[in-house]
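# coordinates for the following, if possible.
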Amino acid sequence: MAKTTCSARLLIRAALLLSICFLLNPADAGFRKKKHHDGDERRAQEDKGSRRVGRKERKRIEREKAVKYAQMKADGQDQVGMTKEAAELRSYELRKKKKKGLFRRKEASLAQVLFPGASPEEYSEREPVPAFVEQVESKRTNLPFDFYELPSCPEPAEKIQKRFRQRKNLGSRLMGYKLRMSPYNFPTKVDKGCTPLCVVDVAGKNLRWLRKLVDRQYRVHLTLDQLPLLMRSRELNYAVRGYPVGFKAPPTFTGLQEDEFYLYNHIKFTINYREDPNEFEGVRIIGFDAHPISIDYFKSDGIKSLTQYTNLEAAGKADGFPGCSPDSPPDASPINEPETYLKLRAGSSGEPLYIGFSYEVQWQETDIPWADRWDVYLVGSPDDEIHYFAIVNSLMIVIFLTGAVATIMIRTLKKDIAGYNEMQTIEEAQEETGWKLVHGDVFRPPQSYPMLLCVLVGSGAQIGSAFFATLLASMLRMLNPIKKGQALTAMVLLYVFCGVIGGYVSARLYKFCDAKAWKRNTIATALAFPAVIVGMFMVLNIFLRIVGAATAVSFLTVFLIFLLWGCVATPLVFVGSYFGYRADKIEVPTKTNQIARFIPEVPYYASPPVSHILAGMLPFGSVCIELFFIMSALWLHQLYYIMGFLFAVVSILAATCAQVSCVMCYLQLCAEDHRWWWKSFFNCASAGFYLFLYSIWFLASKLELVGVLPVMVYLTYMSMISLAFALFCGTVGYLSCFWFTRRIYGAVKVD
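Model (predicted):
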């Protein structure tokens, strides 16, 4: 025993000595790790230092920073440059976004917030850095096109390296995203002067199409090391993704009677990088900028001999353009001059327009850490306090409704139940009024379309469970909402797997209605909502295929959708229905009379359509503020990544629907109207109608869509979203009413 005690004391002393050594010099204890994200350790030290100082000292430091950066802004300091001052001002403006966590929000970089777990890619000198082209998009139309469908240089024949490949998924196919190599070549730390790339002749239909793209403000998007291409101006303090296809000059500029269209055919690329041998080996990409230039290289027909070369740089003909040579000094590179703008106009006798595409590359070193390279992309985005305001607004609605429901449940219902239970004589029972009077009819199954009601509720349960599962996966960092293709794939798969829930709910309700056609009900639950969505999508896809939009899906993708629908989703719905029909029938506290009771005239506020209009306002009002950011992310190409806020708003939406449904159901039962089944569903489902009206307002006030087909695409997709929203809200309202009626009628004594 003494030896054991002595050994324990020695072990405790050794552990204490090791811990003291670790605290004094953790590097010597062997706990030093390689730094994957430069700047993270510095931020952690600053965070620890801020915790050591007192509250007053911290407030003083914050005031000093506010004064310092306010003075910098007053002095005209920009926020989009690659200088140290611009990066500091950017970081200060985005300080509230650089936090992660739900309750104890710790300071982090935007790279950790947007791309958790991502590590920087490091390149050696002269190693080629692949650049990928994305869709050519415009805010004035939602019809993107593939880059290589434009009159441009052909796609390189080289294959994408394995380390840069991305797996193709169903979501990317549905959205039209394709990972394709750009025609530009970017060796690490190798500057390039004006490098001719290719010559393209454009005439007729293609020329008119280019003018149309310029008129509708299409922009070309590229990515380098997963960084989107930026156009930035320090003088105007703005940064925007992609560069325009061209520009339009009004008659006041050209002196002509109509607008003149010009094409950008020379791109000046600027790549910002960082080197620090003490922290990492190689080069890290920090910024990727472009400055487009319009220049007409060819004033004569002497260029025809060069059209045989599809890629002049690869063919060794890089000196074939007049005034464009890789050996020319930087001050001799092309610039934007009105006299040399490239007009999108054919020759006087119908000759094709010859376009020479070229580019140049400049590598610039910067001290900005890799973890802060995403800051510039969120400059000017709404602050997180607006999201907090949206949640507070929703909570106020919930608190108001909670008070109303509490008044009904605690005061009114308690008083009614006590009064009903104290009735002793038959005369008193015959004089009863209010909601107890319909106890023999309140659980009578719906007489009109019970199967349709069960199918709608089952579909809504499937949609709601899939959406909540997607949000939970995003909050747990299992899914990155920034990667839209991956997020859409997860939503589709989770919806398919949640078919078990939809089939189970539909079967339980259909069994309660004493219906016998259970096979028809199960098939309708599996096919109804997907058939409507897929049908609308297929009709829209025909028009997208006609105009050649990049979002038009291929036959293979359509086949995969039907395969997923028929071979996975439908069997899972049958599995859920099997367990639903095997379960016991839902028990209710009262017996149903053989003859239905006569329904008196119902007050206007408890009868449709007034009840639907009134009840749908509050669920929609609880999400309308957050809905603006979601719509901006969908249609204005903005970033939306705060899934915690969205989960809170959707939870508040569900609580609002449940409480509104209970209040409206109580008012209806007090009016002796026992037909609450369909009304409880449509009272909350009407929020989908408000969502569609909101989308029309968003179209008229925020979007500048041009053409019939872009408006048609927008309204079709918003109709799908509004329908799913209505089914979810209606399902929550229906199930809440069912629980509410069973609860209150189970608390009274009924003979």
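
# only C-alpha atoms for contact and neighbour calcs from this point on.
Will do.

# residues contacting Pro156?
181-183 (Cα atoms under 8 Å, 6 or more residues apart in numbering).

# oh sorry, the question was meant for Leu170
Applying Cα under 8 Å, 6+ apart to Leu170 gives the contacts 485, 488-489, 557.

# just give me the longest strand of the chain.
strand 353-365 (DSSP state E).

# what does that strand rub up against?
Contacts to strand 353-365, defined as Cα under 8 Å, 6+ apart, come from residues 152-153, 184, 186, 189-203, 265-275, 296-298, 303, 321, 344-347.

# at 6 Å instead, please
Residues outside strand 353-365 that contact it (Cα atoms under 6 Å, 6 or more residues apart in numbering): 189, 191-202, 265-274, 346.

# emit the ChimeraX select command for whichever of these are buried.
Buried subset of those, written as a ChimeraX selection, criterion 16 or more other Cα atoms under 10 Å:
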select :189,191,192,193,194,195,196,197,198,199,200,201,202,265,266,267,268,269,270,271,272,273,274,346
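
# go through the contacts of Pro156 and flag which are in strands.
Among these, the members falling in strands (DSSP E) are Met181.

# for the record, mean pLDDT for the host helix or strand of Phe559?
Per DSSP states H and E, Phe559 falls inside helix 555-564. Mean pLDDT, computed over helix 555-564, is 86.

# and the very next helix or strand once past it, what does it pack against?
The helix or strand immediately downstream of helix 555-564 is helix 570-582, counting by DSSP H and E. If you count contacts as 3 or more Cα pairs under 6 Å, 6 or more residues apart in numbering; DSSP states H and E, helix 570-582 packs onto helix 499-512.

# please compute how far the helix holding Phe559 lies from its chain's middle.
In terms of Cα atoms, centre = their mean, to the nearest Å, the centre of helix 555-564 is found 24 Å from the chain centre.

# list the buried residues of that helix.
For helix 555-564, by 16+ other Cα under 10 Å, it's Ile561.

# just the angle between that helix and helix 570-582, please?
For helix 555-564 against helix 570-582, the angle by axes from the mean of the first three to the mean of the last three Cα atoms, to 10 degrees is 20 degrees.

# how about the contacts made by Ser607?
Ser607 sits next to no residue when contact means Cα under 6 Å, 6+ apart.

# could you check how far it is from His674?
12 Å (Cα to Cα, to the nearest Å).

# average pLDDT for stretch 635-649?
On average, stretch 635-649 scores 81.

# how long is that stretch end to end?
End-to-end for stretch 635-649, by Cα to Cα: 21 Å.

# which residues are contacting that stretch?
Contact with stretch 635-649 is made by 481, 633, as judged by Cα under 6 Å, 6+ apart.

# go through that stretch and flag the buried ones.
So stretch 635-649, judged by 16+ other Cα under 10 Å, has buried residues 635-636, 639-647, 649.

# and the one helix or strand Ser611 maps to, average pLDDT?
According to DSSP H and E, Ser611 maps onto helix 610-621. Regarding helix 610-621, the rounded mean pLDDT is 88.

# equivalent analysis for stretch 93-102, please.
68.

# same thing with stretch 437-451?
Here the average pLDDT along stretch 437-451 is 81.

# repeat for stretch 79-88
85.

# how distant is it from the center of its chain?
28 Å.

# renumber starting at 24 from here on
Got it, the first residue is 24 from now on, which makes the last one we talked about stretch 102-111.

# what comes into contact with it?
Here stretch 102-111 makes contact (Cα under 6 Å, 6+ apart) with 101, 113, 257, 399.

# what's the biggest helix by length in the chain packed up against?
Under DSSP state H, the helix in the chain containing the largest number of residues is helix 731-768. Packed against helix 731-768 by the contact rule (3+ Cα pairs under 6 Å, 6+ apart) you find helix 473-498, helix 666-693, helix 700-708, helix 710-724.

# now render these as TSV, adding distance to Val428.
Putting the helices and strands packed on helix 731-768 into TSV (distance: least, Cα to Cα, whole Å) gives the following:
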stretch	distance to Val428
helix 473-498	23
helix 666-693	6
helix 700-708	16
helix 710-724	20
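
# so which of those helices is the most surrounded?
Mean neighbour counts were compared across those using mean count of other Cα atoms under 10 Å; the top stretch is helix 700-708, at a mean of 27.

# contacts for that helix, please.
635, 638-639, 680, 749, 752-753, 756-757.

# low-confidence ranges, the stretch 424-573 of the chain, go.
431-432, 434-457 (pLDDT under 70).

# the residue nearest to Tyr737 when sequence neighbours are not counted and Asp319, how far apart?
For Tyr737, ignoring the flanking residues on the chain, the nearest one in space by Cα to Cα, 6 or more residues apart in numbering is Asn165 at 7.6 Å. As judged by Cα to Cα, Asn165 and Asp319 stand 31 Å apart.

# ranges for the strands of the stretch 24-173 of the chain?
122-123, 129-130, 154-156, 159-161, 164-168 (DSSP state E, counting those that start in this stretch).

# quick one, which of the ones you listed is nearest to Gly278?
strand 159-161 (27.9 Å; Cα to Cα).

# for burial, what's the neighbour tally of Lys79?
9 (other Cα atoms under 10 Å).

# centre of the chain to the following helix or strand past the longest strand of the chain, how far?
Per DSSP H and E, the first helix or strand lying C-terminal to strand 376-388 is helix 407-429. From the chain centre to the centre of helix 407-429 is a distance of 23 Å (Cα atoms, centre = their mean).

# contacting residues around helix 407-429?
645, 648, 679.

# same question, stretch 582-599
519, 522-523, 526-527, 549.

# re earlier: now render the contacts of Pro179 as a markdown table, adding pLDDT, distance to Tyr740 and neighbour count.
Below are the contacts of Pro179 laid out as a markdown table (pLDDT from 0 to 100; distance: Cα to Cα, whole Å; neighbours: other Cα atoms under 10 Å):
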| residue | pLDDT | distance to Tyr740 | neighbour count |
| --- | --- | --- | --- |
| Met204 | 89 | 30 | 20 |
| Ser205 | 91 | 31 | 20 |
| Pro206 | 90 | 34 | 20 |
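
# next, format the contacts of Pro179 as a markdown table and append distance to Arg568.
Listed next are the contacts of Pro179 as a markdown table, based on distance: Cα to Cα, whole Å:
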| residue | distance to Arg568 |
| --- | --- |
| Met204 | 23 |
| Ser205 | 24 |
| Pro206 | 26 |
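
# picking up where we left off before, for the contacts of helix 407-429, which one is nearest Gly730?
Gly730 has its nearest neighbour among those in Ile648, at 28.6 Å by Cα to Cα.

# what residues are up against the closest one?
Ala413.

# roughly how far apart are it and Leu714?
12 Å.

# before we move on, what about Arg568?
29 Å.

# before we move on, what about Tyr737?
Distance from Tyr737 to Leu714, by Cα to Cα: 13 Å.

# which residues does Cys477 contact?
529, 533 are the contacts of Cys477 under Cα under 6 Å, 6+ apart.

# swap in 7 Å and give it another go.
Cys477 sits next to 529, 532-533 when contact means Cα atoms under 7 Å, 6 or more residues apart in numbering.

# separate out the buried members of the contacts of Leu193.
The buried subset of these (16+ other Cα under 10 Å) comprises 508, 511-512.

# next, format those as TSV and append secondary structure and distance to Gly599.
Converted to TSV, the buried ones among the contacts of Leu193 look like this (DSSP: H, G, I helix; E, B strand; the rest coil; distance: Cα to Cα, whole Å):
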residue	secondary structure	distance to Gly599
Gly508	helix	29
Leu511	helix	24
Thr512	helix	23
